[in-house]
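# Here you go, sequence then predicted model.
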Amino acid sequence: MVHKPLLSLSTLAAALLFHGTAQAQQSNAAAPLPQDDATLPQASHGYATDIVVTARRRSETSQEIPVAISVVGGAQLDSTGAFNVGRLQQLAPTLQFYSSNPRNTAVNIRGIGVPFGLTSDGFEQGVGIYVDDVYYSRVASATFDFLDVAQIEVLRGPQGTLYGKNTTAGAINITTNQPTFDFEGKAEISVGNLNFKQAKAAISGPLSETLAARIAVSSTSRRGTIYNVTTDKWIQSQDNLGLRGQLLWKPTDNFSATLVGDYSQQDAVCCGSVYVRTGATQRPLNRQFAALAAAQNYAPPSTNPFDRLTDLDASLNAGNVIGGAALRVKWDIGPGTLTSVTAWRTWDWKPENDRDFTGLPIVTLSQNPSQQDQYTQELRYNYSGRQFDLVLGAFAFDQRIDTQGTEQHGAASSRWTINPSNPLSNDPSVLNGLTARNTQYLKSTSLALFGQLGWKVTDALTIQPGVRLNYDKKQGFYQRRVFDGQGVEIFATDTGAVRAAQLGVFTPQLSAPEASNWNFSYDLTVSYRLAPDVLTYATYAKTFKTVGINQNGLPTDASGNPVAAAGQIKPEQVQHFEAGIKAQFWDRRATLNLSAFRTDIKDYQATVNNGQFGVLRGYLANADKVRSQGVEVDFSVRPSDRFNAYVNGAYTDTTYRKFVDAPCPPELSGGTAAGTNTPSAPGTPGGLSPANCDISGQRLPGVSEWSFSFGAEGNVPANVLGQDGELYLGYDGSYRSSFSSNASPSAYTWIGGYSLSNVRLGFRTDAGLDIFGWVRNAFDEDYFEQLFVGPGNTGLIAGLPGDPRTWGATVKVSF
């Protein structure tokens, strides 16, 4: 129940002394980037203090700049167990994170950024992920553990005039701890239930008078949370390893060069689902889930999804390697600073999936391993003067992704997939072994010039215009070849009843989409300081998300023919308005930030799904108009060093303003094509189904209207075993209201709102030792992270339950 943790919070408020996120909020002028040779002050255990960010390419406190930004320090990430982006969203209510596996991961801000559902390589991310100035194009990086992080800054709203890669929804900027010329180090070990084990360590120090190095390592393992009765294994496990090394050369005070290398890998038994329910579609009753399952004497292992039982029969794996190298050079030239960031990154994805969501051998193999290489180069010059500030930059990005896909059907597929009126449905050999092999690649190039000017008209008034010129080019290739169970290749021109049944599942296809475009973006921010600690602002931004291509093949029409016109997806055109105020009071013990925003997107790039086995399960299309608007409030208070608390909230209304040719939800799918006739009522067996649906006015998937994070921490001085320090008690909670888990909202895929509570109790010493116990999801709330519509319009709904209650202990030492 949602109310249980909220009531418990109110009754325990005197005891659960909150610990919170240091948050600051304003418009969207730019995105924070890390300092090259300085250590950022930690946003750790105090939340109404000054927090230093580099949102405008120079060190400023978060309350001084007109930027919509949430800041979380490394110490808080450690104490709250927020060791990846998925857990970070519990501290930042405007951030949404969804992941059915590392590749199919979505990171959104204010409900927009990347389409919810199956991922396509053919479009750009609307939310950029940056680590020490380096752009991570693969959103899979969001599933890895944070490694030796000093600070994370979450930017809300369009970016680009101070960023290398253009991002239209926001950015997550991660700053790691830098090499130091003083010897220092830290180590951390955590253990918990579900056989959870996590170890982290970092060490830094001088190699000579001009050289310093830093090395960090992290390892996480945990048993899965779903038991597979077929394989006798737990799935949804964690198995992460990360390494990062940095070498700093600083021959003079005005020059530094940092060489960075990192490597991270995952090898989890992942990613599966559980049976949730069925919902009536417009297929005939004998082709819906209940009848199809009964025909093969099949029943799911449990109809209660929170029994956490599944019977998936295909192999599951989420092998994932990501890494790279970067050279960051900073040189003070004249009155400003020239910065160069040269980087290479690679990604190797080796998945195994079960795409029929059942224990029957329908789809016995489903995998799309990918290999990616990217190269980036950014140059920027930063000048900061008494009246003017200026940033000028250039950015180049080159990427290639190769994918080799295989999908194979098994002995149960004929009965499940072929119409029962066809005698071939009783012949397992027709589809047993039927295999589709896909070969594809994507080449992507991006070039940009950008700049921003800050003009201090008076001590109170600042005008800040910014511009960006961008060129993008994409070249894709996709080929699908089809083979029967004997390995004989099947062609689209083949005839005969057996071949017709096989081609109804997989159709050969060849496409080579290509697109390029130029766009010009600009923004204008005006800020006015009403009082020394009260800043107001207003921002207008017009920006673009570049053209996309249907890289995973083309959608097909009712006859199974590819729709060639769908190869290219139009660029998004974004207009953004924002206004707000940020204030500190009570001698800066308290901070209150308010903002209101509206983002209108023309030609929103959406991922849409087709429920049939034989056509693409996900492809790109443009929704005519989308709007995201809302209000955000961030409040934190720290009356003394012994207590701090925070409450952050967001109301987000994100809807399709116009999307008249959207894919239909399952209750309006699977029947006979309606054509010019009136479609049947939703869920009418054997009914008439529309070719597409008008979902204008409905909410985008994955977006809760209401979301909150709240918490506190209190401490008292203590001496334990002769060690001076403090005993502390902390609480962090989050709440989100209901949201849709399907591209086109369906009555079957709404996820109810839920609240999560995390508690910790510990002792930290003045000498750098910290020992604490923790409980996450303390009230053992049952909730779903995602719901999935099963293939074939059978009405099957599967889901991914969120983590149950977990508990453990952590020991940290710093020196």
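Good, I have the coordinates. Residues are numbered from 1 along each chain as shown.

# pLDDT on stretch 760-780, on average?
Mean pLDDT, computed over stretch 760-780, is 97.

# what's it in contact with?
With contact meaning Cβ atoms under 8 Å, 6 or more residues apart in numbering, stretch 760-780 is reached by 4-5, 8, 19, 79-81, 186, 192, 718, 720, 723-731, 756-759, 802-815. All C-beta atoms are positioned from the backbone trio N, CA, C, and that covers glycine.

# Sitting in strands, which of those residues do you find?
Those of the contacts of stretch 760-780 mapping onto strands are 186, 192, 718, 720, 723-731, 756-759, 806-814, per DSSP state E.

# Of all residues in the chain, which one is nearest the centre?
Val107 (2.4 Å; Cα atoms, centre = their mean).

# Now that one. Nearest residue, chain neighbours left out?
Among residues not flanking Val107 along the chain, Val127 sits closest, at 4.8 Å (Cβ to Cβ, 6 or more residues apart in numbering).

# So what's the residue count around the one you found?
Val127 sits with 28 neighbouring residues when counted by other Cβ atoms under 10 Å.

# Now the closest residue to Gly160 other than its chain neighbours: phi and psi?
Leaving aside its chain neighbours, Gly160 sits nearest to Asn166 (4.2 Å; criterion: Cβ to Cβ, 6+ apart). As for Asn166, its main-chain torsions (degrees, to the nearest 10) stand at phi -70, psi 130.

# Asn166 - how many residues pack around it?
Asn166 has 26 neighbours, counted by other Cβ under 10 Å.

# who's in contact with it?
Contacts here follow Cβ under 8 Å, 6+ apart; on that basis Asn166 touches Glu124, Gln159, Gly160, Ala448, Arg468, Asn470, Ser521, Thr543, Phe544, Lys545, Thr546.

# What of Phe635?
Phe635 makes contact with Ala590, Thr591, Leu592, Asn593, Tyr646, Val647, Asn648, according to Cβ under 8 Å, 6+ apart.

# cool, Pro284 as well?
Pro284 sits in contact with Pro685, Gly686, where contact means Cβ under 8 Å, 6+ apart.

# switch to numbering from 337
That works, and once the first residue is 337, the last one we named lands at Pro620.

# pLDDT score assigned to it?
95.

# Could you point out the helix or strand that follows the one helix or strand Gln920 maps to?
Per DSSP states H and E: Gln920 is located in strand 908-921. Next along the chain after strand 908-921, taking DSSP H and E as the criterion, comes strand 926-945.

# Next, the buried residues of that following strand.
Neighbour counts using 16 or more other Cβ atoms under 10 Å place 926-931, 933, 935-945 of strand 926-945 among the buried residues.

# Run a quick neighbour tally on Asp1118.
Neighbour count for Asp1118, taken as other Cβ under 10 Å: 15.

# any idea which helix or strand carries it?
For Asp1118, there is no helix or strand it lies in under DSSP H and E.

# repeat for Ala959
Assigned by DSSP H and E, Ala959 belongs to strand 954-976.

# do the same with Glu524
Assessed by DSSP H and E, Glu524 sits inside strand 520-528.

# hmm, who's touching that strand?
With contact meaning Cβ under 8 Å, 6+ apart, strand 520-528 is reached by 414, 532-541, 558, 1104, 1110, 1142-1151.

# What strands line up against that strand, and which way round?
Paired strands of strand 520-528, with direction, are strand 532-542 (antiparallel), strand 1142-1150 (antiparallel) (DSSP bridges).

# mind showing which ranges of the chain have poor pLDDT?
337-386, 390-394, 453-454, 893-896, 944-954 (pLDDT under 70).

# circling back: ok, the contacts of Asn502 vs Phe480, which is closest?
Phe480 lies nearest to Glu460 out of these, by Cβ to Cβ, at 20.4 Å.

# Tell me how far the residue lying closest to Pro1026 once chain neighbours are set aside lies from Glu825.
Closest residue to Pro1026 apart from its sequence neighbours, by Cβ to Cβ, 6+ apart: Pro1015 at 4.4 Å. Counting by Cβ to Cβ, to the nearest Å, the gap from Pro1015 to Glu825 is 38 Å.

# And the two? Which one has more around it.
Set Pro1015 next to Glu825 and count neighbours by other Cβ under 10 Å: Pro1015 wins out with 20 against 12.

# Now for the more buried one: which residues touch it?
Leu1004, Gly1007, Gly1023, Leu1024, Ser1025, Pro1026.

# please redo it, this time with the cut-off set to 7 Å
Leu1004, Leu1024, Ser1025, Pro1026 (Cβ atoms under 7 Å, 6 or more residues apart in numbering).

# Repeat that for Trp683.
Counted by Cβ under 7 Å, 6+ apart, Trp683 has contacts Arg474, Ala476, Ile658, Gln708.

# How about Leu652?
By Cβ under 7 Å, 6+ apart, the contact list for Leu652 reads Ile571, Val605, Cys606, Cys607, Gly608, Glu688, Asn689, Asp690.

# Work out for me the element the fourth one sits within.
This means Cys607. Of the helices and strands defined by DSSP H and E, none includes Cys607.

# so what's it closest to, chain neighbours aside?
Using Cβ to Cβ, 6+ apart and skipping residues adjacent in sequence, the residue nearest Cys607 is Asn437, 4.0 Å away.

# Please report the distance of the one you found from Leu1123.
15 Å.

# Kindly report the same for Asn718.
For Asn718 relative to Leu1123 (Cβ to Cβ), the value is 46 Å.

# go on, Phe419?
Applying Cβ to Cβ to Phe419 and Leu1123 gives a distance of 26 Å.

# Could you do Ser972 as well?
For Ser972 relative to Leu1123 (Cβ to Cβ), the value is 34 Å.

# And Val862, by the same measure?
44 Å.

# Looking only at neighbour counts, state which of these two leads.
Leu1123 (22 against 18).

# Spit out the contact partners of that one.
Residues in contact with Leu1123 (Cβ under 7 Å, 6+ apart) are Val612, Ser1077, Thr1085, Ile1087, Ile1133, Gly1135.

# what's the most distant pair in the residues you listed?
Using Cβ to Cβ, the two most remote members of the contacts of Leu1123 are Ile1087 and Ile1133, lying 11.1 Å apart.

# Filter the contacts of strand 520-528 down to the buried ones.
Here, 16+ other Cβ under 10 Å leaves 414, 532, 534, 536-538, 540, 558, 1110, 1142, 1144, 1146, 1148-1149 buried among these.

# Can you name the two of the residues you listed that sit furthest apart?
Across those, no pair lies farther apart than Ser540 and Thr1142, at 31.2 Å, counting by Cβ to Cβ.

# any chance you could map the helices in the protein?
Taking DSSP state H as the test, the helices found in the chain are 339-347, 410-416, 421-424, 625-631, 749-753, 833-839.

# Which elements pack onto the second one?
So that's helix 410-416. strand 485-492 (3 or more Cβ pairs under 7 Å, 6 or more residues apart in numbering; DSSP states H and E).

# Next, the angle strand 954-976 makes with the strand it packs on.
Calculated by axes from the mean of the first three to the mean of the last three Cα atoms, to 10 degrees, strand 485-492 forms an angle of 120 degrees with strand 954-976.

# gap between strand 485-492 and the chain center?
14 Å (Cα atoms, centre = their mean, to the nearest Å).

# Okay, now the sheet partners of it, with direction.
As defined by DSSP bridges, the strand partners of strand 485-492 come to strand 403-409 (antiparallel), strand 506-512 (antiparallel).

# between these, which gets nearest to Asp763?
Among the strands paired with strand 485-492, the nearest to Asp763 by Cβ to Cβ is strand 506-512 (52.0 Å).

# what comes into contact with that closest one?
Applying Cβ under 7 Å, 6+ apart, the contact partners of strand 506-512 are 367-370, 376, 421, 445, 449, 463-468, 483-493, 495, 499, 580.

# Wait, Pro975 touches Arg924, no?
No: Pro975 lies out of contact with Arg924 (Cβ atoms under 7 Å); the separation is 11.3 Å.
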